[in-house]
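Chemist: Next comes the sequence, and after it the predicted model I'd like to discuss.
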Amino acid sequence: MQKIVSVACLLVVLALAIGAGAATNAAPPDAPEYSIQAIRYADLPDFPVSELAIGAPKDEKIEIAMAIWLIRGGGHNILFDSGFHRESWFKYFPMKNFLRPDECVKLAGVKPEEVTDIVISHAHWDHMGGIDLFPKATVWIQKEEFRYYTGEAWQAGGNHGGIDPEDAKELVKINTEGRLRLVDGDNQEILPGIRAFTGSRHTYSSQYLRVDGKQPFVLASDNCYLYRNLQEHKSSATFSEADREGNIKQQARMIELAGSADRVVPGHDASQFQKFPTEGRVAKIR
């Protein structure tokens, strides 16, 4: 009899443990069912695929989408990344169909001053370069990303390639205004039902998002450029050789977090605007 009771107790403990694990991956009970839209603010033609997916033919080129993502719910209008607008970058990257990000969000029915939050995946010019266009937004960035690109990156031996100095100054200004929030590491809930995860080192400390709901979605930004990366298990050449294996592991983790590769949204793949219902520049992901 005692053995039967012991086995029964063990089964109860296991059930509780399994339930606790499931709860970890479930959306918080108070989390809204956020809508998610991709907004295409420009196109970059003739981009070498070999820079986006290791092993692609050297002469293969595609037109990539320059995008930001709008997440709405629970009284928040959240941008994941902010695009860019500084003139200096156009001479290096000749854009087509450029529309400034603050004008783009209007196409989705949101005024720039109504953007409540901006989550920055990483500090590169085309992702952080629009933070000054949304005057009331709270900006979220990884703590180590902020520390490095507002300090050490600009010292002798530092690496600030792809970081606009004006964007770094704007980040410091936003901090002094009390509008900056530092995300301290991996698997952090920044708003109900929205969690940030650290990627491998595309920059010093990049991050991506999972937006919970009945069907969770992962927004990858540059931690996964193309659907092709997911399908072929390929890293990007923009990751250092030492970090490419980590990038592939992060892509597998994204699929696990989303529950399906179909719910991982790559950062620059123009086909997201064919995959999801699209009107003009705006695709409805959920």
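Modeler: Here it is on my side, so go on. Numbering: from 1, shown residues only.

Chemist: tally of neighbours for Arg281?
Modeler: When counting by other Cβ atoms under 10 Å, one arrives at 20 neighbours for Arg281. Using the backbone N, CA and C atoms, a C-beta is placed for each residue, glycine as well.

Chemist: Ignoring the adjacent residues along the chain, who's closest to it?
Modeler: Closest residue to Arg281 apart from its sequence neighbours, by Cβ to Cβ, 6 or more residues apart in numbering: Arg40 at 4.6 Å.

Chemist: Just list whatever residues bridge to the one you found.
Modeler: Applying DSSP bridges to Arg40 yields these beta-bridge partners: Ala67.

Chemist: unless I'm mixing things up, it is touching Glu63, no?
Modeler: No: if you go by Cβ atoms under 8 Å, Arg40 and Glu63 don't touch, sitting 11.0 Å apart.

Chemist: between the two, what contacts are shared?
Modeler: Taking Cβ atoms under 8 Å, 6 or more residues apart in numbering as the criterion, Arg40 and Glu63 both touch Ala270.

Chemist: Look at those two and report which has more neighbours.
Modeler: When Arg40 is set against Glu63 and neighbours are counted by other Cβ under 10 Å, the residue ahead is Arg40, at 21 against 12.

Chemist: Contacts only, for that one.
Modeler: 65-67, 97, 104, 270, 273, 281-283.

Chemist: hmm, who's touching stretch 152-166?
Modeler: Stretch 152-166 is contacted from outside by 84, 86, 88-89, 123-125, 128-129, 148-149, 168, 203-204, using Cβ under 8 Å, 6+ apart.

Chemist: list the buried ones in it?
Modeler: Buried residues in stretch 152-166, defined by neighbour count with 16 or more other Cβ atoms under 10 Å: 153, 160, 162-164.

Chemist: Equivalent analysis for stretch 260-270, please.
Modeler: So stretch 260-270, judged by 16+ other Cβ under 10 Å, has buried residues 263-270.

Chemist: Adding secondary structure and distance to Leu133, write those residues out as a markdown table.
Modeler: Shown next, in a markdown table, are the buried residues of stretch 260-270 (DSSP: H, G, I helix; E, B strand; the rest coil; distance: Cβ to Cβ, whole Å):
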| residue | secondary structure | distance to Leu133 |
| --- | --- | --- |
| Arg263 | helix | 29 |
| Val264 | strand | 27 |
| Val265 | strand | 22 |
| Pro266 | strand | 24 |
| Gly267 | coil | 19 |
| His268 | coil | 20 |
| Asp269 | coil | 24 |
| Ala270 | coil | 23 |
